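[1] quick one, what's the 3D model for this:
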Amino acid sequence: MIELPVIPVTETQRKPDWLRVKLPVGKEYRHVRNLVDEHKLHTICESGNCPNMGECWGAGTATFMILGNICTRSCSFCAVATGRPKAVELDEPNRVADSVKLMQVKHCVITSVDRDDLKDGGSTIWAETVNAIRRESPETTLETLIPDFKGQWDNLERVLAVRPEVVSHNLETVRRLTREVRIQAKYDRSLECLRRISEAGLRTKSGIMLGFGETEEDVIEAMQDLYNVGVHILTIGQYLQPTKAHHPVVEWITPAQFEKYKEIGLQMGFKYVESGPLVRSSYHAEKHLFDMQ
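    Numbers count the residues shown, from 1 in each chain. I've put the predicted structure just below:
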């Protein structure tokens, strides 16, 4: 197998040209932008400085983070603060549902911090948020980007029971690098989580980031592992270091290499593979609602 070139960060600290982002434009984007500003709505699209915000908002997709902004885990790639989270806000499901309705979101992606401090892992709020959005916006489709709930599968079942259109859990990195990238997570526990989602008959999605120092063989192994547990939709993107305190970017993966992984994934049998330097978990999420029949 021929390996396409990557660019070691030691050769150039400057981001490659292909990571430059176009400014958001378009009528639909401006409409959503005005609503967000007017009603002081919060989306992870903004707080996370997502490079695809303009494109996603223009397509009617938005991502909301629930259960606070302090995580109980300390993954070396993630910019979310680690610490003791605040108490759960029981009215949060209704507030998120109101935001979705105001923004006229067509496809809503929900994510959260890890709440290992809670007995239910936050799964009750997860389920209530899905139900609240469906009451207020019955035409809106939903994707839930969930944690692994520490392998307490009754909590996972609580989310699966409300039947989101897509259920996603990110593997984030390859097996060999999991301990240094996802310190409190377990590679095989994530695979088991995804297997259970798929066996529940739901569209199953996962994503990995590249640039931590993985090899092509590492990436293909992870892709095969995900396919073997029933994942239908795969996203692959470039890792970008949030601060100097986070895991360094070891290399910039070229667009040609991302395209190669897309071709490999489609040949494996994934229904969708979004693979590119700026791809994030919710990129083109509205396009992944394939018929499960």
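[2] got the contact list for I233?
    Counting by Cβ atoms under 8 Å, 6 or more residues apart in numbering, I233 touches V166, S168, R203, T204, K205, S206, F270, K271, Y272, V273, E274, H288. All C-beta atoms are positioned from the backbone trio N, CA, C, and that covers glycine.
[3] now swap in R175 and tell me
    By Cβ under 8 Å, 6+ apart, R175 lies in contact with Y187, D218, E221, A222, D225.
[4] quick one: low-confidence ranges for this structure?
    Within the chain, the ranges that satisfy pLDDT under 70 run 1-13, 21-59, 283, 290, 292-293.
[5] tell me where the longest strand sits in it.
    With secondary structure taken from DSSP state E, the chain has its longest strand at strand 203-210.
[6] can you name every helix or strand that it contacts?
    Strand 203-210 makes packing contacts with strand 166-168, helix 187-199, helix 216-228, strand 233-238 when contacts are defined by 3 or more Cβ pairs under 8 Å, 6 or more residues apart in numbering; DSSP states H and E.
[7] please state the offset of the following helix or strand past the last one from the chain centre?
    Right, strand 233-238. Tracing the chain C-terminally past strand 233-238 and defining elements by DSSP states H and E, one meets strand 251-253 next. Distance of strand 251-253 from its chain centroid, counting by Cα atoms, centre = their mean, to the nearest Å, is 20 Å.
[8] cool, and stretch 214-231?
    Mean C-alpha position of stretch 214-231 versus that of the full chain (Cα atoms, centre = their mean) differs by 17 Å.
[9] same check, this time on stretch 127-143
    Distance of stretch 127-143 from the chain centroid (Cα atoms, centre = their mean) equals 18 Å.
[10] name the surrounding residues that touch that stretch.
    66, 92-94, 96-98, 100-101, 105-110, 144, 158-159, 161-162, 164-168, 205, 282, 285-286, 288-289.
[11] can you give me the helices for this protein?
    Along the chain, the stretches classed as helices by DSSP state H are 27-39, 44-47, 53-58, 92-103, 123-136, 153-160, 178-181, 187-199, 216-228, 255-268.
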